[in-house]
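**Q** mind looking at a prediction? Sequence and model below.
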Amino acid sequence: MTEKKCAFAVAVAMSVVLLSGCSDEDASAISRTEEATAQAYVAALNARDVNALTRLAPAGYEGIEAEAREIIKAEGGRGLKIKDVQVSHDFGEDVASAHVSATDSRSKPFSANIQMSLEKDKWVVALGYAPEFNDTDKSSSSTDK
């Protein structure tokens, strides 16, 4: 092998090692994946556990507990068994939709679309709403003059 070919082979090998190291680092940086979040959501439903469901929500949001109670009231305690979780990222890599297909304890089909976003190192379920901007000096409309 010529010296140029050898140098090129070494450069390619180093690039592969560096790139694979980066992808492993990125994957391990996420502490809860979209699929794991969807599974935790279903587990909270099955257990009728409002607290478990609220722990899946974004930090600092308001109205989370009330929304979680509504979801648990409507869908909780059904003994869901997940058949499939399909994740899509239609609006960017930090926003996901997980489509969960399951059957309940009576073999009735269940499906849900769970909206999520990436918050620091984990995927969170879209529950509640962001705190409102509370500045009394500012008008909510430019026509309020």
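**A** Okay, I see it.
**Q** all strands of the protein, in order?
**A** Counting by DSSP state E, the chain has strands at residues 81-88, 95-103, 109-119, 122-125.
**Q** among those strands, which comes closest to Ile64?
**A** Distances from Ile64 to each of those were compared by CB to CB, and the smallest falls on strand 122-125, at 9.4 Å. Bear in mind the C-beta positions are built from the backbone N, C-alpha and C, glycine included.
**Q** dump that closest one to CSV, keeping only the CA atoms.
**A** This file holds the C-alpha atoms of strand 122-125, laid out as CSV (Å, rounded to 0.1, in the frame of the first residue of the first chain):
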residue,chain,number,x,y,z
LYS,A,122,-35.8,13.5,28.6
TRP,A,123,-39.0,13.4,26.7
VAL,A,124,-42.0,14.9,28.4
VAL,A,125,-45.7,14.7,27.7
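**Q** end to end, how far does stretch 115-124 reach?
**A** End-to-end distance for stretch 115-124, by CA to CA, to the nearest Å: 8 Å.
**Q** buried sites along it?
**A** Judged by neighbour count using 16 or more other CB atoms under 10 Å, the buried positions of stretch 115-124 are 116, 118, 122-124.
**Q** report the contact partners of the residue nearest to Lys83 when sequence neighbours are not counted.
**A** Excluding the flanking residues, the one nearest Lys83 by CB to CB, 6 or more residues apart in numbering is Ser101, at 4.7 Å. Residues near Ser101 by CB atoms under 8 Å, 6 or more residues apart in numbering: 82-86, 109-111.
**Q** restricted to buried residues, select these in PyMOL.
**A** In PyMOL, this line selects whichever of the contacts of Ser101 come out buried by 16+ other CB under 10 Å:
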select buried, resi 82+85+110
